[in-house]
Every structure is written in structure tokens, then in C-alpha cells.
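J.: Okay, predicted coordinates and the sequence, questions at the end:
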Amino acid sequence: MGHCAPTIMQTMLDVSRADAQWLVELAAGLPGGIGNTGGECGGVTAPLVLLGLCHGLEVQVQSLPEILYQGHDLLRRFAARQGTTWCREIRGQARVPLRCIRVVRQAPALCAQTSCSDCKGSISAHRSEAYARLYSHWVEQGFHCAHAVFHHLKHAIPVIQDLLNGSSGFMGGTVFTGVTCSALTAGVMALGLAPGEIENSRLRVLRMIGTMAIGGDAFADKVDAFNKTMNLGHQRSQWFAAELGSTQCRVITQCDFSTTEGVRRYIESGGTGRCSAIAQSVAHKVQGIVAARAAT
């Protein structure tokens, strides 16, 4: 399909014989490291959506949703196999991203391994304590990074329970690791949910790879059906970084969620209020685009 996250999503749907094309659309803006920012690889984000679909936030393990343990297990497995979870480090300077092909082939198996494993040991005791404190605070406040964005967009996209479940791991910068802001990630996902074409032409994909090889603009909107959504996501990420100084949760919050001290500082400084405002701002920026795409 030409891009990592949608291809991985489609592969896992094919294996499970599930007809849920909206999940492929949801992943359309994730390639290139969430809106082509070089962040978390689509080999992580697409499987994390599938893992979240199983239980959402309902199944609890040691005062935390199971998706957090599964997410950390997936990150560990992926980093052990690829050496990193970051798209920019996997791609490197190669004109044709051959390493990405390996990621696309291996990611569904890593997801299956996580799904079939006992992941309770994937988060250390001191991290679990810090995460539990923050999660409990957010439950009290009725806040979830990705869900807050989707709820603000409820008149523009269908906010079904499966969407909330699938995005359940996207909080605190992807399962509390402090990387790409999960409100921004939700905004990029929402862009994919607007009606758009799903790439199904191998000839167009080959043309895109050929364009990469000769140094052309392989990510132009018309080259691959997913390019437009990815490019829209990239534009939103540029706006986001200009407004907040970074796309990274730990930089924006100035807090390390893996420590009780970092969580205490975040809570006492009113961090949830600031994050709620960020989510609302992201939703506002995305809403017009989603409405325009739906109308065409």
C-alpha cells in the first residue's frame, strides 16, 4: 500500500478476516512517524491500535489498564528487533527505505507475540506506581489525551466505542512514555477518518518507490492515496511545534511520567488543565479539515 501503518493495519485485518476498513483510514496519517515527523514508527502505532481494540481501558492490571503493559511490551520487542522505535532512525538517510519493508513484514508478528504474552513484567514497579498515580488523577478529572480530541470532534467524525478503545494507549505521549503528544496523534488519526481513498494499486506504489529512488517528490498528494492525509498531518504537526515548541509530551509538560516526582509536579502545576486546552486546540484545527474532506 506504499506506507507502513496502513499496510500493517490491512495485513492484520486480512489475517483476522475482519472487515474494518475504517482502521486502515485511521492509520493513514501515521506513516513517517505520526504525520511524517519522524516519531514513533507505524510498526508501533498501528499494532498499538489493534491491541487497544481488544479491551480499551476496561481490563485493569495492578491499577492500570492492560493496554499500558501491552504497549510497553510491544515497544520493547520492537526496539529489540529494530534497534529503535523512531521512524527517522529506522529510515536514516537512505533514499529508498528498505529497512521499512522489513518493519512492515515483522510488525504483525510482534503484535501477535505481545497479544499472546503475559505483559505484567513490562513495566517496573517504580514506573507502575508513577503511572498509576497519574492515571488515577486523569480518571478523577475525566481526561484522556486522545479521547479528549475525539470528543471535541464528535460532530465531525463518528466517535464509536471501537475508536475510543483503539486509541486507549495513546495517552501521556504513547503509553506514558512522553514521546509524541497523544492529542496531536489523535488529531492525525482523525484526519484519516475523513472520507478518502485507500491505496490499492501496486503500480502507484511502484511509481512512488521509483520516484524516491531518483530523488523526486514521492510524497506529493497525487502519488499515493495516503499521501494527502500524511501531508495534512505533517502540516498540523508543524503548527503544533510552532505553538508549543515541540511535538514531544515530555518537552511540553516538562515532566517525566515514569517518576513519582515528575507526576507530582505535573499534577500540582495544573498540567491536566493545560493538556485539556491543547486537546481542544488540536480538535479545533482538525475540525475544519475533516468537515471539508467529508464534503468533497
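T.: Noted; the coordinates are in hand. Residues are numbered from 1 along each chain as shown.
J.: Could you tell me how many residues sit around the closest residue to Glu243 other than its chain neighbours?
T.: The shortest distance from Glu243 to any non-neighbouring residue, by Cβ to Cβ, 6 or more residues apart in numbering, is to Ser281 (7.5 Å). For the C-beta atoms, the positions are set from N, CA and C on the backbone; glycine is no exception. Neighbour count of Ser281, defined by other Cβ atoms under 10 Å: 18.
J.: Adjacent strands (with direction) for the helix or strand of the chain with the lowest mean pLDDT?
T.: Within the chain, no helix or strand scores below strand 60-61, which has a mean of 84 by mean pLDDT, DSSP states H and E. According to DSSP bridges, strand 60-61 forms sheet pairs with strand 64-65 (antiparallel).
J.: what's next to the partner strand, contact-wise?
T.: 55-59, 123, 128, 131-132, 135, 168 (Cβ atoms under 8 Å, 6 or more residues apart in numbering).
J.: picking up where we left off before, looks to me like the residue nearest to Glu243 is in a strand.
T.: No - counting by DSSP: H, G, I helix; E, B strand; the rest coil, Ser281 is not found in a strand; it is helix.
J.: what separates it from Gln60, distance-wise?
T.: The gap separating Ser281 from Gln60 is 31 Å, by Cβ to Cβ, to the nearest Å.
J.: re earlier: neighbouring contacts of the least confident helix or strand of the chain?
T.: 66, 69, 120.
J.: Of those residues, select the buried ones using a PyMOL command.
T.: A single PyMOL command is used to select the members of the contacts of strand 60-61 judged buried by 16 or more other Cβ atoms under 10 Å:
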select buried, resi 66+69
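J.: does Asn36 really touch Gly233, like I thought?
T.: Yes - taking contacts as Cβ atoms under 8 Å, Asn36 lies within contact range of Gly233: 6.9 Å.
J.: Mind checking which of those two has more residues around it?
T.: Using other Cβ under 10 Å, the more surrounded residue of Asn36 and Gly233 is Gly233, with 29 against 22.
J.: how much space is there between the more buried one and Ile198?
T.: Distance of Gly233 to Ile198, given as Cβ to Cβ: 16 Å.
J.: give the contact list for Gly32.
T.: 3, 38, 42, 87, 230, 234.
J.: How about Pro6?
T.: 24, 27-28, 30-31, 42, 46, 198-199, 226.
J.: Tell me the one among the residues you listed nearest to Leu164.
T.: Nearest to Leu164 among these is Ala27, at 16.2 Å by Cβ to Cβ.
J.: ok, and the closest non-adjacent residue to the closest one?
T.: Ala5 (4.0 Å).
J.: so which strand or helix has the one you found?
T.: Assessed by DSSP states H and E, Ala5 sits inside helix 4-16.
J.: Pull out the buried residues from that helix.
T.: Buried residues in helix 4-16, counted by 16+ other Cβ under 10 Å: 4-13.
J.: The residues you listed: which two are farthest apart?
T.: Farthest-apart pair in the buried residues of helix 4-16 is Cys4 and Leu13; separation 15.0 Å (Cβ to Cβ).
J.: How many neighbouring residues does Glu89 have?
T.: There are 14 residues near Glu89, going by other Cβ under 10 Å.
J.: Would you quantify the distance from it to Glu261?
T.: Noted for Glu89: a distance of 29 Å to Glu261, by Cβ to Cβ.
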